[in-house]
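A.B. asks: next input, structure requested:
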Amino acid sequence: MTSDAPATTDIPPAPLAQRIPTSRTHHGETFADPYEWLRDKDSPEVLAHLEAENAHTDATLAHLEPLRERIFHEIKGRVRETDLSVPVRQGEWWYYGRSIKDKQYGLQCRAPISSPDDWTPPRLRAEDEVPGEQVLLDANVEADGAEFFSLGAFSVTTDGTRMLWGADTRGDERYTVRVRDIATGEALPDVLEGIGAGASFTPDGAFILYSTVDDAWRPDRVWLHRVGEPGRDRDVEIFHEPDEAFWVGAGFTRSDRFLEIVSASNTTTSIDMIRAADVERLYAGEEDVDTVTVFDREDHVEYSVDHAVVDGRDWLYVLHNSGAQDFELVRLPADDETADPEVVIPHRPGIRLEDVDCLRDFAVVEYREGGIPRLGILDYADHAVREIAFDEPLYAAGAAGNPEWAQPTVRLHYGSFTTPGTVYDYDVRSGELTMIKRASVLGGYRPEDYAQERLWVTAADGTRIPVSLVFKREFGELGAPPRPVHLYGYGAYEHSIDPAFSTARLSLLDRGVVFAVAHVRGGGELGRAWYEGGKLGAKRNSFTDFVDVARHLVDAGFTTPETLVAEGGSAGGLLMGAVTNLAPELFAGVLADVPFVDALTTILNPSLPLTVIEWEEWGNPLHDPEAYAYMRSYSPYENVRDDVTYPRILAMTSLNDTRVYYVEPAKWVQRLREAGADALLHCEMVAGHGGVSGRYNAWRERAFQIAWMLDTVGITE
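C.D. replies: Numbering: from 1, shown residues only. You can find the predicted model right below:
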C-alpha cells in the first residue's frame, strides 16, 4: 500500500503509506488513525512498505557512504579486535571471554586455577597460549547461518562438568536452551524452546531453573527441568504469577543456600525464599516444602533480599523502601519469621541505596549520592560501610563478576567519559585497589586531550538539572566559540545515564562535537524523588527539562540550533518525539532509536507486550480519563504539528522488537511527512530491541548514525 509515484531523481520518493480509515474511542474522544494498518507485520503490503522506507533512506543518505566507511574504520581501528576479558573465578576454574579479529561474536573459555587459595586472576595475553584452556562455546559456530544471534543464558554447573546456553536467532527475546557435557563435548537431549532469558543450573547441577512468558511477553511462570530429560514435557511449574502487572524471576543466592522467587511490578515486590536443599522435593510436588515470604505484598513497597551467615546463623539482608523513599537496609533471621527487622543502614534522604551483595565475610553496598554512583564494603560485625573512593569528579563504578561466596576480593568495573572501562580487584582486608585491566584504545588515544564537566541548568520551575559534558580540549573551552553539540537523554524507569567511555563517540569528539547528557527527571541520578518527578502525572517534566537544557546550551553560547542534534532510544525515543513537538526550532536533527512514539495507542492495549506492567510508569489511560488526557497531551504521534518546521529526523527500529513495536516509528514518520518534515525510517528486518547483533554489524550501525549526525550539524568531511 505504498505510493508508486515514479521517481524524478536517483532517490526514490519518500514512501507515502495509504490512509485507511481506522479509529479508536476512549473516554468520549475518538482518534482517527489512518496508519494503524501498518501494525500487521505479516502483511506483504506492510513488509513492502518497510522495504521501501529502507530503500528511500539508503538512497537519501548514499552520499554519506564514504564518511560512514571512514567512521567504521575509525571505530574498528581503536579496538583491539583479538582480546581477552579478565578471568573470573568460579569453582576450580577461571572463566573469561575471547574476541577474535574478523569474528562477529565472542568465545566463552576457561582455564584451571592453580590452587584452592588462588584468587589472583592470571594476566592473560591474547597472543599467548593459555595452559589448560578449554573453549566452552564459540558463538560464531552457534550463529552460523543466522542473520541474528543473541545469548540469553550461559551457565556452568558448580562442579564444572556441564554447561547450558540459550540463543535467540530472531530478536524476539525467546530463547532455545541446550545442554552439553564439557568433557566429552556431547550434546545432552535437553532442548528447551520458547523460554525467557536467564536460564541457569541449580547448585547441584541436577536441574535447570527457567521462566516462560505469556502472550504479552510477560515472564509469568517459573519452572524446574531435570537435566537429561528431552524437551519440556516433564518440567514442573513451581510458581505462577497471575497478576498481569507483575513479572517473575528466580535464582539462587550467592551462598547457594536459598532459591529466591521474585514477583515484582514497577512499584511493588514480593519474594519467596526456599532452601536449596528442598529443590528436589519441590520438583516432586511435595506440598510441605517450607517457603518464607520475606514481606507480605504491599502496594508501593519494593525490596530485594540476599543471604549471609553471621556468627553461624542465617540472616536475610533486605533492602526496602517501606517508609524510606531512598531505601534502607535491614536484616532478619532466616529461621524466625516473627522477628522484628534490625536496621543495618538507616534511610538517608538523598542517598539512594541501590544494591547489596552479600559474600561470606562482607557485603558490597552500591548507592548514589550527588548524582554519582558509589560503592562501599559493609562490615557484618558493626554495620560500618567503608567507601571505595576514586579521584575523578565524574565516574561510574560498580561491583561485577563476583560469583564466589568465599572470595576475599571484590571485582569492580570503573569508567568515565574520558577513562576507558577499567577492571579493579579490591582486597577487603588490606584496602588495596589493584587495576587488573583497562580497555585498550588504539590509535594514540590520550585521556588528557579530553575534558569532562558537569553543569547545572535551572529549569522553568526552578529545579536544577544536572548536565554532563565531554569534549576535546584542542577545540577550545565550552562556548568559545559555539560548537556542535550531541545532546543525549533518557529519563524513565529510574534508569541513570552514568559517565561511560565510548570508542565510537571519539569520532564525534575528534571532529569538534561536544557530547552532553541531560539528566532529566524520570531517571534515577538524584534518587527516588528525581524518578518520581518525571513519571505518571509528572512525565512532562522529563520533556521540559530536556528543552530547558537545550535552550540553555544555545543561550549560553555553547552551541546554536543549527548545530545541535538530539538523541534518545526506547523511552528516550519518546523523549525525542515529545521535545521535537515542543521546541522543534531548537534542534538541527533528532535521532530516535526504537522510539516509543505511539505511546498512548500502546498503553491502551493490554494485549500488547508489557502494557499492563507499564501502567505504573505512565498511568492507566484505559480506565482513568485523567491519565488518558495527560498521555494524549504529549504522545508524539498524536501531537505532530502542522504549524512548525521540524528538524531532520532519523528513526531506527527493528521488525522483531517485542518492547517497542516497529509500527510506532513507522506511523510517526508518516505523520511527520504529512507535516512537511524531512523524516527517514530505517528498519532492521531481522533484529530486536537492541538492534543488530555482532560487533562489526553494531559498529557499522553506529557509524551510520554518527555520519548522519555529523552531516546534520554541517560536518561533512
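A.B. asks: flag the shaky bits of the chain, pLDDT-wise.
C.D. replies: Under the criterion pLDDT under 70, the flagged ranges of the chain are 1-9.
A.B. asks: what comes up buried for stretch 96-105?
C.D. replies: 96-99, 103-105 (16 or more other C-beta atoms under 10 Å). C-beta here means a position set from N, CA and C on the backbone, and glycine is covered the same way.
A.B. asks: all the helices of the stretch 101-250 of the chain, residue numbers only.
C.D. replies: 139-142 (DSSP state H, counting those that start in this stretch).
A.B. asks: for the buried residues of stretch 96-105, which one is nearest Gly185?
C.D. replies: Arg98 (18.0 Å; C-beta to C-beta).
A.B. asks: my guess is that closest one contacts Gly106, does it?
C.D. replies: Yes. Counting by C-beta atoms under 8 Å, Arg98 does reach Gly106; the two are 6.3 Å apart.
A.B. asks: just to revisit the earlier point, how about the buried residues of stretch 96-105, which pair is most distant?
C.D. replies: Largest pairwise distance in those, by C-beta to C-beta, is 18.7 Å, between Tyr96 and Gln104.
A.B. asks: can you give me the helices in the chain?
C.D. replies: With helices called from DSSP state H, the chain shows them at 44-60, 65-78, 139-142, 279-284, 506-509, 528-532, 540-555, 571-582, 599-603, 611-618, 625-634, 663-674, 695-712.
A.B. asks: which one of these lies nearest to Ile345?
C.D. replies: Nearest of those (C-beta to C-beta): helix 528-532, 15.4 Å.
A.B. asks: before we move on, back to that, now the buried residues of stretch 96-105 in a markdown table, with distance to Pro481?
C.D. replies: As requested, the buried residues of stretch 96-105 are arranged in a markdown table below (distance: C-beta to C-beta, whole Å):
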| residue | distance to Pro481 |
| --- | --- |
| Tyr96 | 47 |
| Gly97 | 44 |
| Arg98 | 46 |
| Ser99 | 41 |
| Lys103 | 44 |
| Gln104 | 42 |
| Tyr105 | 44 |
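A.B. asks: which one of the helices of the chain is the most hemmed in?
C.D. replies: helix 571-582 (a mean of 27; mean count of other C-beta atoms under 10 Å).
A.B. asks: quick one: that one to helix 625-634, angle?
C.D. replies: Counting by axes from the mean of the first three to the mean of the last three C-alpha atoms, to 10 degrees, helix 571-582 points 70 degrees away from the direction of helix 625-634.
A.B. asks: what angle separates helix 571-582 from helix 611-618?
C.D. replies: 60 degrees.
A.B. asks: how far away from the center of its chain is helix 571-582?
C.D. replies: 19 Å (C-alpha atoms, centre = their mean, to the nearest Å).
A.B. asks: with only the CA atoms kept, save it in CSV.
C.D. replies: What follows is helix 571-582, C-alpha atoms only, in CSV (Å, rounded to 0.1, in the frame of the first residue of the first chain):
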residue,chain,number,x,y,z
ALA,A,571,11.7,5.5,26.4
GLY,A,572,14.3,8.1,25.4
GLY,A,573,12.8,7.9,21.9
LEU,A,574,9.5,9.1,23.5
LEU,A,575,11.5,12.0,24.9
MET,A,576,12.8,12.8,21.4
GLY,A,577,9.3,12.8,19.9
ALA,A,578,7.9,14.9,22.7
VAL,A,579,10.7,17.6,22.6
THR,A,580,10.5,17.7,18.8
ASN,A,581,6.9,18.7,19.1
LEU,A,582,7.6,21.1,22.0
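A.B. asks: from the contact counts, what lies against that helix?
C.D. replies: Applying 3 or more C-beta pairs under 8 Å, 6 or more residues apart in numbering; DSSP states H and E, we find helix 571-582 packed against helix 540-555, strand 564-569, strand 589-593.
A.B. asks: between the second one and helix 540-555, how many degrees?
C.D. replies: Direction vectors for strand 564-569 and helix 540-555, defined by the same axes, to 10 degrees, enclose an angle of 150 degrees.
A.B. asks: give me the sheet partners of strand 564-569 and which way each runs.
C.D. replies: strand 485-488 (parallel), strand 589-593 (parallel) (DSSP bridges).
A.B. asks: just the CA trace of that strand, in CSV.
C.D. replies: The C-alpha trace of strand 564-569 is given here as CSV (Å, rounded to 0.1, in the frame of the first residue of the first chain):
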residue,chain,number,x,y,z
LEU,A,564,22.5,20.9,18.0
VAL,A,565,21.5,17.3,17.4
ALA,A,566,19.5,15.3,20.0
GLU,A,567,19.4,11.5,20.5
GLY,A,568,17.4,9.1,22.6
GLY,A,569,16.3,5.5,22.4
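A.B. asks: give me the contacts around it.
C.D. replies: Residues from elsewhere that reach strand 564-569 (C-beta atoms under 8 Å, 6 or more residues apart in numbering): 484-490, 546, 550, 553-554, 574-576, 579-580, 586-595, 705, 709, 712-713.
A.B. asks: repeat for stretch 186-195
C.D. replies: With C-beta under 8 Å, 6+ apart, stretch 186-195 has contacts from 162, 164, 166, 174-181, 199, 208, 210-212, 225, 227-232, 235.
A.B. asks: now those: which count as buried?
C.D. replies: 162, 164, 166, 174-175, 177-180, 199, 208, 210-212, 225, 227, 229, 232, 235.
A.B. asks: want to throw the helices and strands packed on helix 571-582 into CSV with distance to Glu387?
C.D. replies: Formatted as CSV, these follow (distance: least, C-beta to C-beta, whole Å):
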stretch, distance to Glu387
helix 540-555, 29
strand 564-569, 32
strand 589-593, 35
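A.B. asks: can you tell me how far the residue lying closest to Met709 once chain neighbours are set aside is from Glu664?
C.D. replies: Take Met709 and drop its neighbours on the chain: the residue closest to it by C-beta to C-beta, 6 or more residues apart in numbering is Val565, 4.9 Å away. As defined by C-beta to C-beta, to the nearest Å, Val565 lies at a distance of 21 Å from Glu664.
A.B. asks: sorry, back to before: now do the residue nearest to Met709 against Phe515, distance only.
C.D. replies: In terms of C-beta to C-beta, Val565 sits 11 Å off from Phe515.
A.B. asks: so for these two, which sits in the more crowded spot?
C.D. replies: Val565 (26 against 21; other C-beta atoms under 10 Å).
A.B. asks: ok, what's across the strand from the more buried one?
C.D. replies: Applying DSSP bridges, one finds that Val565 bridges with His486, Gly589.
A.B. asks: next: the one 4 residues further on.
C.D. replies: Assessed by DSSP bridges, Gly569 has beta-bridge partners Asp593.
A.B. asks: burial of it, as a residue count?
C.D. replies: The local packing of Gly569 (other C-beta under 10 Å) involves 23 other residues.
A.B. asks: I'd assumed Val597 was in contact with Gly577.
C.D. replies: Yes. Between Gly577 and Val597 there is a contact under C-beta under 8 Å: 4.1 Å.
A.B. asks: okay, and the common contacts of the two?
C.D. replies: 636-637, 668.
A.B. asks: give me every residue that touches Phe72.
C.D. replies: With C-beta under 8 Å, 6+ apart, Phe72 has these contacts: 699-700, 703.
A.B. asks: can you lay out those residues as CSV showing distance to Asp296?
C.D. replies: Listed next are the contacts of Phe72 as CSV, based on distance: C-beta to C-beta, whole Å:
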residue, distance to Asp296
Trp699, 49
Arg700, 51
Ala703, 52
